[in-house]
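Peer 1: Structure for this input, please:
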Amino acid sequence: MRRRSLELGFDLCAITPADAPAKAGERLAEWLAVGAHGDMSWMEETADRRASPEALWPQARSIVMLGVDYGARGDPLATLAKPDRGAISLYARRRDYHEVIKGRLKQLASFLLARAGGGEVKVFVDTAPVMEKPLAQAAGLGWQGKHTNLVSRRFGSWLLLGAIFTDLALEPDTPEQDHCGSCRKCLDICPTKAFPAPYRLDARRCVAYLTIEHKGQIPREFREAVGNRVFGCDDCLAVCPWNKFAQATRDAKLALREELSEPALADLAALDDPGFRALFAGTPVKRLGHARFRRNVAIAIGNSKIPALAAAVEPLLGDPSPLARGAAVWALARLLPAGDFSSIAGKTLPGEDDGSVREEWAKETHFSKK
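Peer 2: Numbering: from 1, shown residues only. This next block holds a predicted model:
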């Protein structure tokens, strides 16, 4: 089966019993209890099934965990030093991995059943209440590092995961041990200090959560730390020392799209909804939606400290979404002199909104007078 998994494009394949890992459910309950999941309500709604593979599917006896390398050449954080460019998380600069991996999982599952002469399977790739990372560690693909993501001795932090649940009793592999040691680079680099302790993430402070999952305005206390990140954040992944063994993906279906490597913020701000859909077609970014994407772009422009970019963000004051309009007000207040900002915002701000935009305008006008 491992040979077949490699032929299909997987880089790692290992097996764990369905009753492992035992403590993952307890850690999930503790995480949810303190509200660290933010407004990801589905995490709480599916907690019982997520806590145990057997709770999700009682017939499960074994789980085949698969990993796909998505590493790239060069420094994934290089764009952060270019304030006029938008930084997109490495996994999202290519075709949506859900589509790529799920098809391969189905092919491997069919191969497994054919060899076994029967049985049942279910395949999952980040689309069901499955705790992929603890299961991947139990199977031996890697271990959950202090940044809570999976780390592989072969591929560093750059692995996409998929799972095959089966009612077949398969020979399990040896779980991986933790190899983080005393290192805390992933914790120290976090721009919003989203790790209250090693192996604990407060999603409410995480830039990836704020720019992807969060549906409202990005809290003011975190906006400057977002920098020019318009979709996701790779900081804690990129600094892991185990990445010295990582390699660029060999997967042609997950090849990087050059136009998404360092897009100009002015160009991103100018995208209308059809343009947004066309540029990000087939990528994870498209699922974000145009309104939240423009929110992120406006925040990035506000952080650029480039006054000339005010012209790119000013049209967003007339955007249909209060998310984009509110972020545009904040951005202009940072880029324009106090008088210019008050004049533009006062003339352009739409009168009908949910109140959040006018509140932003009032706050920024007040601050600009200080």
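
Peer 1: Tell me the spacing between the closest residue to residue 241 other than its chain neighbours and residue 242.
Peer 2: Counting by Cβ to Cβ, 6 or more residues apart in numbering, residue 183 is the residue found nearest to residue 241 once chain neighbours are left out, at 6.2 Å. In short, each C-beta sits where N, CA and C put it, glycine included. The gap separating residue 183 from residue 242 is 9 Å, by Cβ to Cβ, to the nearest Å.

Peer 1: out of those two, which sits in the busier spot?
Peer 2: Higher neighbour count among residue 183 and residue 242: residue 242, with 20 against 16, using other Cβ atoms under 10 Å.

Peer 1: Now the more buried one: closest residue in space, sequence neighbours ignored.
Peer 2: Of all residues not flanking residue 242 in the chain, residue 156 sits nearest, at 4.6 Å (Cβ to Cβ, 6+ apart).

Peer 1: how close does the closest residue to residue 227 other than its chain neighbours sit to residue 229?
Peer 2: In this structure, residue 227 finds its nearest non-sequential neighbour in residue 303, 5.4 Å apart by Cβ to Cβ, 6+ apart. In this view, residue 303 and residue 229 are 9 Å apart by Cβ to Cβ.

Peer 1: can you list the weak-confidence ranges in the stretch 201-350 of the chain?
Peer 2: 345-350 (pLDDT under 70).

Peer 1: Can you classify residue 178 as helix, strand or coil?
Peer 2: Classification of residue 178 by DSSP: H, G, I helix; E, B strand; the rest coil places it in coil.

Peer 1: let me redo that: residue 281
Peer 2: coil.

Peer 1: which residues in the stretch 51-200 of the chain form helices?
Peer 2: Taking DSSP state H, counting those that start in this stretch to define them, one finds helices in the stretch 51-200 of the chain at 53-56, 97-116, 132-139, 185-189.

Peer 1: which strands and helices sit next to the third one?
Peer 2: The one in question is helix 132-139. With contacts defined as 3 or more Cβ pairs under 8 Å, 6 or more residues apart in numbering; DSSP states H and E, helix 132-139 has these neighbours: strand 12-17, strand 62-69, strand 143-144, strand 150-151, strand 159-166.

Peer 1: How many residues are close by residue 267?
Peer 2: Considering only other Cβ under 10 Å, residue 267 is surrounded by 15 other residues.

Peer 1: Kindly export the helix or strand containing it (C-alpha atoms) in PDB.
Peer 2: Per DSSP states H and E: residue 267 is located in helix 265-269. Only the C-alpha atoms of helix 265-269 are listed here, as PDB (Å, rounded to 0.1, in the frame of the first residue of the first chain):
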ATOM      1  CA  LEU A 265      -1.500  45.500  -3.000                       C
ATOM      2  CA  ALA A 266      -2.800  48.200  -5.300                       C
ATOM      3  CA  ASP A 267      -3.800  45.500  -7.900                       C
ATOM      4  CA  LEU A 268      -5.500  43.400  -5.200                       C
ATOM      5  CA  ALA A 269      -7.500  46.400  -4.000                       C
END
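
Peer 1: in it, what counts as buried?
Peer 2: When burial is assessed from 16 or more other Cβ atoms under 10 Å, helix 265-269 yields the following buried residues: 265-266, 268-269.

Peer 1: now swap in stretch 13-33 and tell me
Peer 2: Buried residues in stretch 13-33 (16+ other Cβ under 10 Å): 13-18, 20-21, 24-25, 27-28, 31.

Peer 1: How many neighbouring residues does residue 192 have?
Peer 2: As a measure of burial, residue 192 has 20 neighbours, counting by other Cβ under 10 Å.

Peer 1: same check, this time on the one 5 residues further on
Peer 2: A count of nearby residues for residue 197, using other Cβ under 10 Å, gives 9.

Peer 1: Who has more neighbours out of residue 303 and residue 229?
Peer 2: With neighbours defined as other Cβ under 10 Å, residue 303 and residue 229 compare such that residue 229 has more, 25 against 21.
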